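>>> This is a predicted model, with the sequence first.
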Amino acid sequence: MKICVVGGGAAGMMAAVTAARNGAEAVLIESNEKLGKKIYITGKGRCNMTNFCSPQTFLTNVVTNQKFLYGAINLFPPEKTVEFFNSLGLATKTERGDRVFPLSDKASDVTKTLEKELTRLGCDIKLNTKVKSIDINNGKIVSLTTTSGIVLCDKVILACGGASYAATGSDGNGFSLAKSVGHTVTNLYPSLVDIKTKEDYSLAGLSLTNVNISIVDYSGKTIFSQFGEALFTHDGISGPIILTASAYINKQNINGFTIAIDLKPALTNEILDARILRDFSINSNKTFKNSLNGLLPERLISVIIEVTKINPDKKVNQITAEERAILVKTLKNFTLTAVKIGDLNTAVVTSGGVSVKEINPKTMQSKLIENLYFAGEMIDVDALTGGFNLQIAFSTGYAAGLYAATEK
Ligand SMILES: Cc1cc2nc3c(=O)[nH]c(=O)nc-3n(C[C@H](O)[C@H](O)[C@H](O)COP(=O)(O)OP(=O)(O)OC[C@H]3O[C@@H](n4cnc5c(N)ncnc54)[C@H](O)[C@@H]3O)c2cc1C
């Protein structure tokens with residue numbers, strides 16, 4: 001049986017390896033000059049390849065269509081991913097939050113490992129070859145028309161990725177291929193992306209640790225709240241909390257929403273006030289602007305002063321209880337105004353894709369075309385950061401490769 005896998009990313013490579021290991025003649029078609037271009041930039045070049053957790057915990061980190069992934073994640077859970085790579089000679093390590101990385105800290109080693117196994121299995125890898133159309137006869141795919149000619153096939157696995165970081169090859173054209181054969185593609189949204197804000201405090205590069213950030217909509221309702229880290233960018237805010245927030249709020253128009261940052265979440269207003277009062281009494285002759293070093297990162301001090309409108313040159317022993325209350329309020333509720341979520345192209349993942357209603361959740365087989373399967377980010381599933389998205393690619397790739405090769 002000849003199985004053509006379209007897309008040599010994480011999902012496609014896993015699908016081709018699995019199909020070949022299960023007796024199929026696997027052909028892997030990739031439009032780029034090399035395989036796994038996106039893998040190179042994952043985990044800041046270190047590739048957070050999975051999250052070493054149980055399938056149950058895994059699924060709680062899936063934002064869109066959790067239930068659909070139940071079968072694939074149980075069939076090929078994170079533990080199997082680690083075993084798979086370890087057995088091929090790639091040593092791994094598990095870091096904070098169960099995040100798994102190659103021991104070498106090199107994302108390229110993940111791609112190399114998959115590539116070596118594909119070669120060992122005799123998989124036909126066609127680089128610099130883009131699939132332009134899917135050719136159907138009597139309701140079944142018979143061939144693929146590519147930039148290097150027609151490739152005949154018994155079955156096809158589409159693993160073309162999403163529409164983010166188009167320079168890596170996943171430019172959304174896979175969705176057009178899916179649509180051309182009758183599949184529904186849901187609306188696409190950026191996920192795991194920064195938020196642009198109205199204010200420009202020139203804080204780009206400043207990271208905030210141990211803060212709590214809430215996103216509040218027009219009606220004053222808190223629609224997201226989380227403790228952790230954030231990072232100011234040149235035009236907004238990013239970092240772990242914001243990326244997670246984006247996964248939940250990306251379908252709304254967030255223009256005008258409030259991003260409320262509690263810079264001192266461990267302290268109540270009263271305790272924070274007492275702490276400030278103590279600092280002020282120790283430094284009673286200092287000016288306000290020189291009194292906040294113990295409380296705030298250097299670069300944030302002038303911004304907080306600007307927001308409180310307290311005279312920076314005022315001696316702290318002259319600061320009134322009312323002014324202190326304003327300071328406490330600002331530290332507990334430093335606000336930014338959201339303008340919009342970052343662009344799809346700069347998003348870590350694409351939310352939306354081929355409708356899961358049209359895919360068998362056990363086998364990844366199309367419910368519309370018998371000899372078509374899907375794998376990876378092009379399916380309408382997405383998860384949080386922490387290695388979950390690559391694991392989705394590996395699990396769905398494994399399922400598609402296995403069932404395409406073993407089912408009639
Ligand atoms: C900056 C960044 C960092 C990330 N870090 C992590 C991380 O640390 N951990 C994690 O779990 N996830 C991470 N992700 C997400 C993760 O990389 C993706 O979810 C995952 O790579 C998707 O794999 P895929 O195989 O489905 O798609 P892709 O990796 O996008 O692969 C699709 C492939 O198909 C090819 N292709 C497309 N159309 C055609 C066609 N018509 N013909 C031939 N080939 C075609 C493309 O060239 C591409 O190589 C990160 C993403 C980004 C952008």
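Looks like it arrived, so ask away. Numbers count the residues shown, from 1 in each chain.
>>> From here on, just use CA atoms for contacts and neighbour counts.
Will do.
>>> quick one: buried residues of stretch 81-88?
81, 82, 85 (16 or more other C-alpha atoms under 10 Å).
>>> give the contact list for residue 260.
For residue 260, the contacting residues are 213, 214, 215, 216, 333, 334, 335, 336, by C-alpha atoms under 8 Å, 6 or more residues apart in numbering.
>>> Just list the residues touching the third one, thanks.
Taking C-alpha under 8 Å, 6+ apart as the contact definition, residue 215 lies against 222, 223, 224, 225, 257, 258, 259, 260.
>>> any idea how far residue 171 is from the ligand?
Residue 171 sits 7 Å away from the ligand, going by C-alpha to the nearest ligand atom, to the nearest Å.
>>> between the buried residues of stretch 81-88, which is closest to the ligand?
Nearest to the ligand, judged by C-alpha to the nearest ligand atom, of the buried residues of stretch 81-88 is residue 81 at 11.9 Å.
>>> before we move on, which element is that closest one in?
Element membership for residue 81 (DSSP states H and E) is helix 78-87.
>>> which secondary structure elements does that helix contact?
Packing partners of helix 78-87 (3 or more C-alpha pairs under 8 Å, 6 or more residues apart in numbering; DSSP states H and E): strand 50-51, helix 388-406.
>>> Any buried residues in the helix or strand of the chain with the lowest mean pLDDT, and which?
Least confident helix or strand of the chain, by mean pLDDT, DSSP states H and E, is helix 269-282 with a mean of 93. Residues of helix 269-282 classed as buried by neighbour count (16+ other C-alpha under 10 Å): 269, 272, 273, 276, 277, 279, 280.
>>> just stretch 222-239 next, same as before
Residues of stretch 222-239 classed as buried by neighbour count (16+ other C-alpha under 10 Å): 224-227, 229-233, 235-239.
>>> quick one on the thing from earlier: would you mind writing the CA trace of the least confident helix or strand of the chain as CSV?
Backbone C-alpha positions of helix 269-282 (Å, rounded to 0.1, in the frame of the first residue of the first chain) are rendered in CSV as follows:
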residue,chain,number,x,y,z
ASN,A,269,-4.1,45.9,50.3
GLU,A,270,-3.7,46.3,54.1
ILE,A,271,-0.5,44.3,54.3
LEU,A,272,0.9,46.1,51.3
ASP,A,273,0.0,49.5,52.8
ALA,A,274,1.7,48.4,56.1
ARG,A,275,4.8,47.4,54.1
ILE,A,276,4.9,50.7,52.3
LEU,A,277,4.5,52.6,55.5
ARG,A,278,7.4,50.7,57.0
ASP,A,279,9.6,51.4,54.0
PHE,A,280,8.7,55.1,54.2
SER,A,281,9.4,55.3,57.9
ILE,A,282,12.9,53.7,57.4
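>>> what about it, distance to the chain center?
Distance, stretch centre to chain centre, for helix 269-282: 40 Å (C-alpha atoms, centre = their mean, to the nearest Å).
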